[in-house]
Structure formats: C-alpha cells, structure tokens
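Participant: Next comes the sequence, and after it the predicted model I'd like to discuss.
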Amino acid sequence: MKDYIITAENIQLLVNDVLKQGWDVVSESKTGVNFNAIKDASELAIKSDSKPSKLSMKDFFFPKTEPLFFYRQSHDGVELVDASPIEKKTLFLGAKPCDAAAIPVLSKVFNWDYKDEFYNKRVENSVVVSLKCNYSDDYCFCTSIGLSQKAEQGSDAMLTEQQDGSYFLHIVTEKGDEFFKMYSQYLKDTQAENNKPVESKYPEPAVKFDQGKVKGWLDANFEHDFWNNLGDVCLGCGQCTFVCPTCHCFDIVDENCNYHEGGRMKNWDSCQLCLFTKHASGHNPRDGQTKRYRQRIQHKFKYYEDKFNEVLCTGCGRCTRGCGVGIDIGGIMERIDKF
Amino acid sequence: MAENSFEPKITAFVCNWCTYTGADLAGTSRLKQQTNARLIRLPCTGRIDPVFIMKAFQNGADGVLVSGCHPGDCHYNAGNFHARRRWAMFKEMMDFLGIDNKRLHFSWVSASEGKKWVDVIDGVINTVREQGPFTQYKDINKETEIPVK
Amino acid sequence: MAELKEIAKELLTSGTVAYIIGYASEKNDKTVPFIARTVEDAEKLVFTHHSVNNLSVYLKRIKKPESGKVGLVVKGCDLKAVVALIQESQSKREDIYIISPKCNTVVSDNTKPWNKDNIASKCLSCEVRTPSLFDATFGEIETVELPSDEQIELIKKVEAMSTSEKWEFWKNEFEKCVKCYACRQACPLCYCDQCIVDKASPRWIDSSATVQGNFAWNMIRAFHLSGRCIGCEECNRVCPVDIPLSLLNRKMSMFAVSEYDYKAGTSIEEPTLVGTYKLTDNEDFIK
Amino acid sequence: MENIYKPDLAEVKEIIDETADTRTLRLQFKDPEVHKAFSFKAGQFGEYSVFGEGECTFCIASPPTRMEYIECTFKLVGKVTNALRKLNVGDTIGLRGPYGNSFPLEQMKGKNIVFISGGIGLAPVRCITWNVLDLRNEFKDITIVYGARRVEDLVYKNELEQWKAMKDVKTYITVDPGGETPDWKGEVGFVPSIVEKVAPSGENSIAIICGPPIMIKFTMPVLQKLGFKEENIITTLENRMKCGLGKCGRCNVGNVYVCKDGPVFNYTQMKALPDEY
Amino acid sequence: MKIGVFVCQCGENIGKTVDCVGVAKSCASIPGVAVSMEYKYMCSDPGQNLVKQAIADNGLDAVVVAACSPHMHEKTFRKAANGAGINPFLVEIANIREHVSWIHDDVPSGSLKATDLIRSAVEKVKNNAPLTTIKVPVTKRALVIGGGISGIQAALDIANAGYEVVLVEKEPSIGGHMSQLSETFPTLDCSQCILTPRMVEVYQHPKIKLLTYSEVEAVDGFIGNFKVKIRKKARSVIDEDCNGCGMCIQKCPTKKKAYSEFEEGMAFRPAIYVPFPQAVPNIPVIDRSVCTFYKTGKCKICETVCGRKAIDFMQEDTILEEEIGAIVVATGFKLYKITKPEPGSPYEGYGEYGYGEYKDVIDGLQFERMASASGPTAGEMKRPSDGKEPKKIVFIQCVGSRDESKGFSYCSKICCMYTAKHAMLYKHKVHDGEAYVFYMDIRSGGKMYEEFVRRGIEEDGAKYIRGRVSRLYEENGKIIVKGEDTLAGVPITIDADMVVLATAMVAQKEAPKLAQILGIPYDKHGFMSESHPKLKPVESSSGGIFLAGAANAPKDIPESVSMASAAAAKVMILFSSDILEREPVIAQVDESTCVGCFYCQKVCAYNAVERKEIKDRNGKLIKVVAYVNEGLCQGCGTCNATCPSKSVELIGFKDEQIFAQICALNEI
C-alpha cells in the first residue's frame, strides 16, 4: 500500500473535516484515562511516547454497556423493539499498536459460528489509524507475544512520528486506503518527497518471555503449586479485565427504565469476580481467587490460542499498571518461562 | 404550555402509626390538599432506606417527602431516631452530589396532626413546583429507554 | 526494616502468628502486599514510603488460620480499619497481632519516588503516624515537609458549587465508571459476602454501567461508608478511571465529625455512628 | 442487522407443577411460522427470558419428535425462575435457541440404551428418552433408572407411569432411603446402587446419565464395572451460561465453551476438562 | 399472577370526587390485572360477595381493594378474600377515600391519583408472598418477680383466675416493704394486719408455686414461651422438712453478730433466722456469713435441736427451669441510703444530714419499725442513741427526690403522705412531743390524702415549715437542725431529739441487670420502662412482660395494687387463648448472605436479633450470623434499612415490594 507524509497541522484539518462529515473521531483523552469521541481537533492527544491510557479503546467496539434490544410490557403481552442501528462511522486516531491489535483478536470470538453484529458493525464502521509506539516501561511486553511497537495488526493505517514533527503515514488496508483517498488534500506523497519513515529510537520492552514455551508449560500444568500463591494477594477486583483491550467476557441483564419498559443490556463482566461462575444453587466451579486467576492466565495464553490461534493479550501492560496489589502479569510469564 | 402548569410528582414515604394515620385524620376531617402526593405506607420510619428515595428520583419523582412519628413517639421505641441519623447523612450526601435539597423533605407528623400534614404536604408540593421538573435524573436515564423513532 | 524482620521472624518461629500480612519489594521502589508464612519469607518483609496498600483488607479475604494469630503490618491510618472491623464483629482483637510502624508518610504515585510532591493525600492530615494500638511497633518518626491539602480545597470548591454544577461535576466523573467494583474489593470495610449491587432480587442498583447505574452505585457505596469510612483512600487509588471517590467519602467523614463528633475507627469500645443515636441529634432539617 | 441476542416471543400454553418447587411450562412461539421453523435435537438447550428480569438457561425438555409444544422444566432457584413461576397461561416469554450440541442419536441407534437420572436431571434425559422411544425399533434394550430424594420430588410422574407400563422398556424408579411413602411401590435406594442391582450390560450399550454431581460420581464406577466404555457414557454439563453462543465467556472450561461445544459430553471428553464444572 | 381490582364508591364518599368507573376501567389495563370493577359499597355483604365471586370466576391469585384507609377495612377484605381461597396477605388496600376523595375536589386529578395508588398496590401485591399468621402456643403459666404487695396481688389475681403462677422473691420471705410498715395512710390501719392474710393466701394457694430466697437468673424465649432459669439460693434448711417450730432460732448462739434487715438495722438477729415472725414461708435461713459453723466448722447446735433433721449445712444453690407464658415484674424499690455517695454513683449524697453519723438521724423505714408494735421498740418512741423518748422530732422531706443537682429529678410521690403519717403517729405516741416537718410543697393527690395531711396539721398539730434544711449537727445530745422557713423568710434552728429523713424511693440496685436479663428497657434511674406512658402503662416493650408497682416508678400501695391487678388482667388476656396469633410482619435473615456485622442487633429495640453460629457437618464454626427471634420481633423494619448487605428483610414490606410500589407510582 501507499505511504504518505502528513503534517501535524494537516492532521488537525483532516480531523475537523472528518468531524464535519458526521463521523466520530476518537482519540485518547488528555487526562490519559480513556479514549474519547472528540468534538474538535484541538482536543486531539496524539503522543507516541505516552503511557497507554488507563482504559483501552475496546469500549468503542465492545461498549461497557450496550442495549441489545428493548422491551415494552403491556396488559396484552410484550413488544420487542430493536436497538438503534449502529451506523456511525468512526475514525480512531493515535491508537497504540497494542490497542489496534486487539481488534482482530476479539473478532475471532465474536465471529466463530454465531456472529455478534454489534461488534462487527462497529469494526466495519471504523477506520483505525494507529501511531507507532515510542514508549515502554516495566510492564509492557508486546514483543514477547508476537507484536511490536510497530505492529500493524488491526490498524488500517499507521502513523510514525518524524523528527520534524510531521508524520509518516503508512496505509495498511484497503479500508485505510479508501479513507485517506477522501482526504488526499492533506497528504503529501512520499515518493515525491523521497521520504522514508524514520526509525525513531525507543527501548524495546524489558519484559521478555517465550510465549511458545509458556504455552507449553500451561498445557501441562493446570494443577501446579505455582498457582497457589498467585491468588493470595489478589483482591478479585477485576480491574485487570476491565482495562484489558482483549478481555471480552460479558453479562446480559435486563434494566428497567420504568416499571414496564427497559432494555436488555450487554455489559462488561469479569472472570475475576467471585459471582461470575456461581450457580444459582450456590455451587461455584471456580470458588477461589486462585482458580479465578489461573483461569485468566490460562484463557489468555492457552485456551484462546488453542481455539482461535491467537493469544488473548497484546502485551500493553495495563492490567499490571492498574493492579492495586502489584500483580505483574509480565513477571508471571517470565517466571513461567523460566520453569 | 405555560411554565406554571407543571404539576410535580411527589412520593411520600410515611410510617403507618403516625403520619399515615395523621394523613387519614386529615382525610376524615376533609382538609383539602393538592393532589400531587402519593403515599407509600411503611411500618416505621426506621424501615425507610435511603435507597427508596434514590429509586423514587430515578423513576421520575420530582420530589420526595419522608415522614414519621415525632421523636419519642415511635411506635417501635426508636426507629425514628435511627432514621433521623440516616436521613441527615443521606441528605448531606445528596446535596454534595448535586441533588437539590429543595426536592427532598422530612417531617414529623403525628397521628393527631391532620392539619400539620396538610401544611407539610402542601408546602412540599409548592416548593417542588417552584423548582420545576426534575430533569437531572431523566437525563441520565436515557440509555435503557426505548429510543424514539 | 531490620526491626520488622526480627519481629516477624520471632513471631513466625514462636508460632504466635500463622502468617504475617506485610509488604515486599517489587520492581523499582514499589512494594506489594506479601504474605510471609516462613522465616525465609520474613526476610522479604519491608516497610517503605511505598507501602501504600491498606493490608487490613486481607483480614476478611484470606482464610483465617486454624491456629495462631494473623500478623498484620499496618500503618496508623489503616489501623482504623482494623478497629472498625472489630467494632463491626468482623475480627477479634485477640486474633490479630498488630505490627504497626511509625510511619513517615507514603507516596501518592507508587511508580515515582517519594518526595514532597509525591505524598498521598491521606497523609496530609494524618494524626496517627505514631500508632496508638499495636502489639509491636518499629521505626522512628521523622519530620516530613507536607504539601498543601488539595483534596480539602476541592471539597470546599464542590460545596460552593451550585446544585447543577455539582451534578455536572459528578456526572462527568461517574460517567467514566466501568462498574469493575475495584473500589469495593480494595475497601477493607466492604466485607459483605454479597454486595447489594450483586443482589439480583430485587435489583438494588442497575448493574449496567449506564450513567444512572453508575450514580446509583457510587451513591449507595458512599452512603454505606458514611460514618464508617476510615479514609485510607484505597478506593481512590485502585479506581482504573480516576474517579475521586475519596472526595465523597471524606466529605461524609467530615460531616460525621461536625454533626456527630464521630471519627470512624478511633476506638474499639466506642459505639458506631450508624446503629446508635442520641436524643439530641440534630433535626433542624425535619419539619 | 441480525441480532443473535434477540429472542422470539412465545406464549405459555400450559403450566404443570411437577413438585413443590419444580414446574414445567408448555410453550408455543407466538408466530406460527417461527414455531414451524424451530427445530432442535435432543440435548440442546434454550435461553428463556422474562422481560425485565433476565434470561435463564434450561434444556429443552420435550422431544424433537413432538413439536406441538416446546417444554422447559425448571426448579425455583433465583430471580428469573422466580419470575417464571409467576407467569400465567397466556403470558409471554422470550425464547432463543436451540443452542449447543446434542445427544449422539445416530451413534446410539442399534445399541442398548441405559437412561440414568436423578432429580430434575430427568429433564434432558426425558427429552432423549421420548426421542428414542418414539423411534423404538431403531434401538435395542432400553433401561430407565430414575431416582429422587423423596416420592414427592419425582418429576414427570405421569410419564414415569407410562414408561413403567411399556413392555419393551425396563423402568426402575427409586427414592432415597427414608423418602418413601407407605404406598410407594417402586425401589428404595440410591441411584448408583439401583444401577448396580439392575446391572445392565455394558456390551454394545450407551449410558446417558444426568443428575446431581454426587450421583454421577458414584454411578461412574458402577458403569465402568458393568463394562461401559468411557466414550459410551454420556452426560451433560450445567455450567452457568449467559449468551449460549460461545461469546460471553462464562461457561468457558479449559478449551471448551460448554454452551457451544457442549452441553453433551462423553466421559472421555469430560475427564480431559479441568475440574471446573 | 392474576389480580382483581375492586374499586369502592363508598356511596358518595368516594364516588363523588373520584370517577370510579373510569378508574376501574383504566386499572383493567395494568399488566397482571385480570378483572377490574367498581361497586357502591365494597365492604357490604354484597360487595364482599362480589369480591369472592370474582375470585372464583377468574381464578384470581391476589386482590387489590381501592377503598377507605387500610386501618378501616383491611381485615374485612382479607377475611373475605380468604373466604374465597386467597391467602389474606395477598390482599392490598389502596386508600382512595381518606387519601383521595375526602381531600381532593378535582375529579380528573383525584381520579388520576386513585389510579396511581391502585397501580402501586397492584405492583406491591404482585410481590407479596402468601403468609400465615404466626401461631405461638401459649404456656399458661405466669412468673411474678417480686413478692411485695404488687407481686402478691398480681400472683393472687392470676392464680384466682385459674392459672399457675411462679412467684419469685429474693428475700427469705414475701411481704416486701409493706410488711415493714406500721400503719398505712390515709386510714392508719395496721399494715401487717391487712397484708399477712394475703401472704398466707399466696402460701396456701394451690396454683402458686412460691420460691423465696430465689432469683431469676436467665430468661430466654418470647411471649407465651419463656424459659426461665431461677436460682434457688441455699437456705441450709430443707423446706419440706422444716415445720417452722423456731427451736433452731432460739438456740442459735450467734445472736448479736448480724443486724436485722427487716428491722432496718435497729435490732440484731441470729445467724439462723426468719426475717420477721409472720414471715411466709415460716422457714428459717442460715446466714452463712455469720454462722459459727461456716466460720469454724463447729457448732451445729441448730442441727442438734432440730427434731425434723431439716438443717442441711451442705445444701447448695439449685437452678430451677420453668416454662412460662407471661412475666410480671414487680421488683419494687428501695430507699435511698444517703450515708455516703456510693462508689461510682452519680449522686452526691447528703452528708450534711449526718445520716449514719448521728444515731438519732434515721430514715422513714426505720421510723416505721420504731412505730411498729412488733418492732424493736415494741412501738414505743425511743431514740436510737439512748432510748429516751424524743420530745422534739424533725421530719425532712424530699431528701434526694426532686433534686437534680444532688439526687434524683423525680418526685418519690409517697413521702409527703408518709411523713404526715409519721408526724401523726409520733403525736399519738408522744402527746407532749413537738413534730416539725420541713417540706418543699405538699403533694397529696389521692383519695382522702389531702384530708389526711390536714388532719396531721390541724388535729395532731404537726408543725409544717416550708423550706430546706441546710445543716444538721449534734450538740449536747441534741440534733441541731438549721434551716429556713421560706414562707416567713426567717432562718430556723431546732434542737431536735431525733430527725427522720424522707429519703427518695429509688430503683432496686439489681433492676437494670434484671431488665437486661428480661430484655426490656429501663430508664436512667433504673426503673423499668413502660411501653407507652399513657396507653400501655403496664406493658413493657417486650411482648408478654408486664410491670407492676414501684419497679416502674415510685408508687404508693393502692396504686401498686391496681397496677398489679392490671398487669394480672393483661396476663389473663394473654392466657385466654391457647394460641397466640400475630401478623407475620417480622424480619427474616438470609443466612447465606449475612456477614454478621450485627448492625441489625444494634438498632433493634426489642433485642429480637440474636447471634447464631453456622457450623459445617463436622461441627466447625463457619460463621456467625444474625437470627431474628420471631417471638420478640415487632416488625418495625429498622434492621432491614440498616443492613448493608440487605440480608435482613421485613416480611410484608420487603424491598422488592416497596421498589415495585415506587416504580408504579411514578409511571407515566
């Protein structure tokens, strides 16, 4: 695909133009907490060397709460009303590669056999322009799970910050190509400029492990003393799963908005919460934090790979950064690697 | 419609022994009142959980009144004393969160205070009417509402 | 630190405690909760400016030992939670061996080094750096220069807002909530086996992370903590979306002091604020 | 947009109280076309909604050979089942499905079949039992062992009588010791011991077993002793489910989603799973 | 669930301002409502039949009646519905008369409100559960605690009605304070003479089990079903064997080591003794603290002289367990001993009156003994110091009473009367004596009371001085009383031979402990609290526990007796049925979610919340949870609102019921 150069000013102009077309533009919020739909280009926060936001952008493909349909009850029965169709086009700008990479991973589970069109529609309607990452800390480990700070999975195009403050734009997919063709006035052809993306210097994540080896150990060690201590200090808050770009467990609940109407909602849920697997009878197959934490590791690094050929992780390190009691998933992987 | 045509919805949580009976007395005495209040009868003010108040606002009440026996008169000895602390804290919190205290009222009305009941309820209705419709909660209740096509 | 290790070794060797809940070093200066079960483990115990966690939360979360006490390394501020847990029949004083350090404040951001500008807000008004209730103590008090208490300023600022401004302020905060309940899990006083938010029938609080559901959750949690919150600010710290939860909790604690002269977690014998009353309680707001 | 989460509306046509806390609903889709198009296999399950309360997972208890009604049998345990109990004939519920895999009917043909169940575990077994009985000629010996704690806890009492009356079916109904009434004429004893007593041959046989975990645990060795091969012992798992579509992650155990890859597993498959069901 | 809505027009009462037809019609469209109709008078027989018929015709599961206040006809409609096979608790009332038609004139908005209230009731009833009234069997056996005149009266009344009574008295004899009195006001008849026959009646009554020298140690259970543990203290004398001959008492060598409690310390008694000659039962008790045998291991004279071998030195306390249906607490009072402030007591005492310091300063009860013909002076006025007849005597009223700063805020009620009596008795015995009474004001409300006081002043010449005594001191064998006559405004000094202090009536020291055992409230003075000061003056707040006499507050004899009879009547009402039925509106704990924080216990005014240990199969303690004693729970629901995990719910007013009501009210 083609490559371009786009200046910081032109990104602003492009964004305002896109907004004018009725699209949503989503970028990281300036507080660093989450991703936001912005109202104006001035709200953009494109920073390649910043820490990943606290929440990933999965909320925009798989919202924390979303109506699946609505119901209205009356004396004579029930009427079901469809949720509003998902039509809004969305440009994601400045996502980290580890965020964008979550999209194809999630697509697997939402599309095996039954297709979750709520997810698919949102992906379909989106253009993801990621930003090559110039950040690493003690907690990220993209390189250990087959990604990198310049991984293109899930991106329709990728920006690379140039030394002069402009951006090298590499088109990854057809969709990206089509999108930028609409806004070619803001792009400069790299051929013409004879420009090449500058490989900026950034440290690779320090955490290193061999995912294949880890998987091998997980295959064989569902029962192992190693698991016992892991759950000790875990408070079971599930923060790790909520901030994770790939965790996708959900709950379905009815929420009454008044006494006979309401919506059936699809809500984020977490395998770390003690009620997740608890039967109405009181029986709980995963009745301790140790078992629940093991499930998280196993599901991410073994089951998902067995089933979908993808590791359910992009190495963004959010779970560890946010953990109130300092449970370090990268560290755990390194330890397993050394067994 | 003119603004003054707004008629607030008031949910009143009252105890069975004092205020409900006081409201009965107001009825027996044919003391006219405005029609905006709807009473929910509970055994004692001690039973009134602040969540009831929250639920009432969530479900569209414009104002809430909570009323029970005067201190010392509680049919159950001390339910209203416990309630009093609970309310004070809840009211303070509601205020801090931005829910106008003019929409949340408390009173002691005994079984013999039919007249006081009328004064209280009309006062509450008038105060809430002045505040206008309580839109804050309606605004945040959109997500589970059936979309209007 | 050597003192702590000695105390811990002694306790574990003598069998006084079955295990000690303490802190161990992690990457950089960070410390993490750690459960020392052996004398070797005791070597790993540390207490630094980075020992932020309120470890009393584990009193309810970790299974009680068959014999022996639970050793707990707990700062003066967090000790209030232990007191509250005893007041609320969740623990027994005789079951806990309290190792309470003299504390020279902890960090606000655990990834950055401790300095004047990186001190947890709960430390700024701390009166219990030297603990009053303990079985063992260690360390020395040093003079610490403290920055100004911005949280209290913010409380005043919110109090001064108009009703609709307050609502907007909180709406913006609560909108972010993802209902992960990390605030609850990290709270030493949220010890219910089944939180009311998980109670299905009747549904107390919308379980969806809608704005209304988020308001309901945060409101009811704050109310359940009113007069009980001991101000460890763990909820605030673990919130993945940075909702200033302790603003609300602290506001209510201040109200408990001004209205009822009650400071949560001060004394085991003192009757709790909730569950008791005085004939003289204020009722100006009641018609 | 296709919405996999949206149920079809069905009407409660009949309510049958099985025991004090167990009830069967007979349902028909409101739209006759939907009803006509609905097809399923024995062992599959559905998601039943009471709007405003939520969804609940039960197997389809009626056999695919009898499509006039779709039946579900449930025990009062929680919020949704409580709401289901409040329904009257004529009320509307939501139903989506069928989901999951099914009993290996084709594989069962030409073989001896032993149906073993306890308590409300009879619901899925009843479905496959009628399915088999309705195609009686294609199977060899049929043995039914069903038990409950007490006589009043037995479900589908009429059908138990029908089975007992069938000459080409060996039916053993049992209650736990102490659960019998003075006029009880069936067996008294726990299901595993009755199976041991009845001793169906494991030769060319398939056993289908559903019930409380403790019953399954103690029946397994009996079946193995009788010569049943592990892959011929078939059961269903009852993990908690929400979506029924292999998405929500709740029923994930090891590499399987019970709702998609199950709920029917043979003993070999089950043993390969982590013990989290 | 199929629900029927029945809208009552109440003639014109509702029909005039509520469009009942329209309301019934719009209620028919509420989900779950199978039938909705209106009628002129729903509470009339045809109206009730209409309800019953509709239930039968439509197979209804629940009923909502929109009519007058539930306080009027809830019972009526519950009964009617029950008659048609519906559980009475599946009936809800929407109050559209007192709360709608009578207070609103506007038909449209009134009708709208009526519809809302009905919808709310419909939603509630959808969440109602069929309930059965709680039926508690009643053990028809009463416990009376205290054998003074109140306890005696209550016990006799209950026993005479044919019920068994257990009467527990902590002293060796029944009789209480009344047995110590010489004469009683306002009639001046002999106290013993009127009391003794009643004591004997108690003793001989086949329905009364008398346990003297016994104390209540524990009370479990609830109304109709108490289990009471009574400690029968070791008397060292076998009751059944003793015939009361008194030989042991006569021969006891330990004669002067113990003051007689009955004589208020004005005489000695032996180590083995009966408190007074007319004691019931007439069985002695050995005071082990002074008995030579218990001190030295030698003596046993009493054993030797007892022909019936009734002495048992090795006797031990025994614990009796009694099944009881109702309890009357008649523990009475004691007189305030003003000697010195007691350690830990908030009361300062009245050191300035020299009680305990000057022998000739005595209190009211001591004066009673002195005036009694059977007393230590055989009824003669002899002052304690030298036995001389006091020629000048000063009575000081309100010592401790009505004195918030040093004593008690309350009025002891009887002192004005007994002081007047004392002055009269004194004058009757010492004709040339002078009696002075210092008083604050005279409270003589009661039949013939005022006349009695006037008689003391006018006929017997008692000199009443309005004012307080500031100081007393001894000088030359006289007690110099310094005070002030506030009416004349002059200081007064009296050189008295003897001073009698009318000290306050205070609660028994053990009263708070007993109240805690019983689980009933008591006031800051230690008097047991009545459930309602006006309408329930003899009931405690715990069902089945009643109060009589001065245990509740200072009272005189007639008042104590009437209260005792009232309490007895309450007991008899309770005993008149075999089964106690009460509404099942009580709290219930979900043990699976209860974490045992016991906030419910803290807020329960009835001590109805107990701790229950949950153990696993091996008997290992898993957790401690709250448990609601349904006999004690009154159903206020404060625990429900306080419970953080909502593990306690008030049946009949469960959260889901209230939530449904709230939602329904704010619909549209």
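Facilitator: Looks like it came in fine.
Participant: who touches the single nearest residue of chain B relative to chain C in this structure?
Facilitator: Nearest residue of chain B to chain C, counting by C-beta to the nearest C-beta: B:G98, 3.0 Å away. For the C-beta atoms, the positions are set from N, CA and C on the backbone; glycine is no exception. B:G98 makes contacts with B:Q136, C:M161, C:T163, C:S164, C:E165, C:K166, C:W167, C:E168, C:F169, C:W170, C:K171, as judged by C-beta atoms under 8 Å, 6 or more residues apart in numbering or on different chains.
Participant: C-terminal to the helix or strand harbouring C:E10, what's the next element?
Facilitator: Applying DSSP states H and E as the criterion places C:E10 in helix C:2-14. As assigned by DSSP H and E, the chain's next helix or strand after helix C:2-14 is strand C:17-25.
Participant: Okay, buried residues for that next one please.
Facilitator: By neighbour count on 16 or more other C-beta atoms under 10 Å in any protein chain shown, the buried set for strand C:17-25 is C:V17, C:A18, C:Y19, C:I20, C:I21, C:G22, C:Y23, C:A24, C:S25.
Participant: and which of these is nearest to chain B?
Facilitator: Nearest to chain B among the buried residues of strand C:17-25, with distances taken as C-beta to the nearest C-beta, is C:I21, at 31.8 Å.
Participant: thinking again about what came up before, from the chain's centroid, how far away is the helix holding C:E10?
Facilitator: 25 Å (C-alpha atoms, centre = their mean, to the nearest Å).
Participant: Need the phi and psi values for the residue of chain B closest to chain C.
Facilitator: phi 100, psi 30 (degrees, to the nearest 10).
Participant: Could you do A:D251 as well?
Facilitator: phi -120, psi 150.
Participant: what about it, distance to C:K278?
Facilitator: In this structure, A:D251 and C:K278 are 44 Å apart, going by C-beta to C-beta, to the nearest Å.
Participant: Compare the two and say which one has the larger neighbour count.
Facilitator: Neighbour tally, A:D251 and C:K278, criterion other C-beta atoms under 10 Å in any protein chain shown: the higher count belongs to A:D251, 23 against 12.
Participant: Count the residues that sit near A:G154.
Facilitator: Neighbourhood size, A:G154 [other C-beta under 10 Å]: 26.
Participant: Who are the contact partners of it?
Facilitator: Residues counted as contacts of A:G154 (C-beta under 8 Å, 6+ apart) are A:P97, A:D99, A:A100, A:A101, A:A102, A:I103, A:P104, A:V105, A:V128, A:S130.
Participant: cool, E:C43 as well?
Facilitator: E:C8, E:A67, E:C68, E:H73, E:T76, E:F77 are the contacts of E:C43 under C-beta under 8 Å, 6+ apart.
Participant: and chain C, which residues reach chain E?
Facilitator: Listed as neighbours of chain E in chain C under the rule C-beta under 8 Å from any C-beta of the partner chain: C:88-90, C:191-196, C:199, C:201-204, C:224, C:271-272, C:274-276.
Participant: Contacting chain D as well, which ones from those residues?
Facilitator: Restricting the residues of chain C next to chain E to those near chain D by C-beta under 8 Å from any C-beta leaves C:S201.
Participant: Filter the residues of chain C next to chain E down to just the ones in strands.
Facilitator: Using DSSP state E to define strands, no part of the residues of chain C next to chain E is located there.
Participant: D:E14 should be in a strand, yeah?
Facilitator: Yes: counting by DSSP: H, G, I helix; E, B strand; the rest coil, D:E14 is found in a strand.
Participant: rewinding a little: from the residues of chain C next to chain E, list just the buried residues.
Facilitator: Buried, going by 16+ other C-beta under 10 Å: C:88-90, C:191-192, C:194-196, C:199, C:201-204, C:224, C:272, C:274-276, out of these.
Participant: near chain B too, which of those residues?
Facilitator: Residues of these in contact with chain B (C-beta under 8 Å from any C-beta): C:W204, C:V274, C:G275.
Participant: Export these to CSV and append columns for distance to E:R611 and pLDDT.
Facilitator: Compiled in CSV, those are given as follows (distance: C-beta to C-beta, whole Å; pLDDT from 0 to 100):
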residue, distance to E:R611, pLDDT
C:W204, 26, 82
C:V274, 19, 90
C:G275, 15, 90
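Participant: can I get these in JSON lines with distance to B:V120?
Facilitator: What follows is these, written out as JSON lines (distance: C-beta to C-beta, whole Å):
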{"residue": "C:W204", "distance to B:V120": "29"}
{"residue": "C:V274", "distance to B:V120": "27"}
{"residue": "C:G275", "distance to B:V120": "28"}
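Participant: Give me the nearest residue to the residue most central in space within chain B, chain neighbours excluded.
Facilitator: Central residue of chain B (C-alpha atoms, centre = their mean): B:L65, 1.5 Å from the mean position. Nearest non-adjacent residue to B:L65, counting by C-beta to C-beta, 6 or more residues apart in numbering or on different chains: B:A12, 4.2 Å away.
Participant: so where's chain A uncertain?
Facilitator: For chain A, applying pLDDT under 70 flags the ranges A:1, A:191-201.
Participant: Next: chain E.
Facilitator: Applying pLDDT under 70 to chain E picks out residues E:339-349, E:667-668.
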